[in-house]
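Engineer: here is a sequence with its predicted model. Questions after.
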Amino acid sequence: RKIAMSGVSAFKLGDGVSEKWKLFRRSNAASAAFILKVDADNETVLLDGDVQETSPEDLAEELSESTPRWIVFSVRVERDEGRVQYPLLLLFFSPESCNARLKMLYSSCTPFVAQALDISKVHELKDLDDLTFDWLKEGMKQQSPDSDQALWKPETTPEWDVVSSWEADPEEAG
C-alpha cells in the first residue's frame, strides 16, 4: 500500500509487512516488539524484526545504537477491574549519533508509518538506555489518561525466552 504525503515521496510497506502486522496485533504475548526500517533506495518500509516475549531492556541490547528504527511495543496490561488489554506504543528511535540525512528520512516517514499501522501517537526515543518498562508505562499514561491503574502483574519482570527473526545465539535463547 502506497501513501503519498506532502514533502515525501510515496513510500510503501514492503512485501509481507501488512500480513505480519496483522498477526502481531493479534498476539497475546506478555511483551512483544515489531521493528521497522527504511529501504531508501526502493522507498519501502521493511520489517526488521518481530520479537515475542521480550523485555524492553533486552530489545535495546539487540538494536543498533546508531541506526533509526520504528518500534511498536505491545505490553500485556491487566486493569484493576480484571480486564486485559494489549496497548500498542509506536516508538520512533532517532539516535543522536545518526547522520542528519538518515534522521531526516526516518523523521519524514514517521507519519506514513503511523498511518499505515493505524497508530495515532508516536513517542520519540533518542537513547536506547531509556527503553525500559517504566518508560513504556509513562508512554501509556500519556496515550491513555485513565491508565493510572495497575498495569502488569506480577511487579517483577520475568525472564523472557526470545523468539525472533534475528539470528539468536542458542545459548542465550534459553
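Structural biologist: Thanks, I have the structure now. It should be emphasised that the depicted structure is a prediction, and the values quoted were computed from it without experimental measurement. Residues are numbered from 1 along each chain as shown.
Engineer: how much space between residue 44 and residue 97?
Structural biologist: The gap separating residue 44 from residue 97 is 24 Å, by Cβ to Cβ, to the nearest Å. Quick note: C-beta positions are derived from backbone N, CA and C, even for glycine.
Engineer: more neighbours: these two, which one.
Structural biologist: Neighbours per residue (other Cβ atoms under 10 Å) separate residue 44 from residue 97, with residue 44 holding more: 16 against 10.
Engineer: buried residues of stretch 129-138, list them for me.
Structural biologist: Buried residues in stretch 129-138, counted by 16 or more other Cβ atoms under 10 Å: 131, 133, 135, 136.
Engineer: by contact count, what packs against the top helix by length along the chain?
Structural biologist: Using DSSP state H, we find that the single longest helix of the chain is helix 100-117. Under the contact criterion of 3 or more Cβ pairs under 8 Å, 6 or more residues apart in numbering; DSSP states H and E, helix 100-117 touches strand 2-5, strand 8-13, strand 31-39, strand 44-52, strand 69-75, strand 88-93.
Engineer: pull the helix or strand with minimum mean pLDDT from this protein.
Structural biologist: helix 170-173 (a mean of 41; mean pLDDT, DSSP states H and E).
Engineer: shaky segments in this structure?
Structural biologist: For the chain, residues meeting the criterion pLDDT under 70 lie at 1-9, 143-174.
Engineer: again, only this time at 80
Structural biologist: Regions of the chain meeting the criterion pLDDT under 80 cover residues 1-10, 139-174.
Engineer: quick one: residues contacting the closest residue to residue 129 other than its chain neighbours.
Structural biologist: The shortest distance from residue 129 to any non-neighbouring residue, by Cβ to Cβ, 6 or more residues apart in numbering, is to residue 60 (7.1 Å). By Cβ atoms under 8 Å, 6 or more residues apart in numbering, the residues touching residue 60 are 128, 129, 131.
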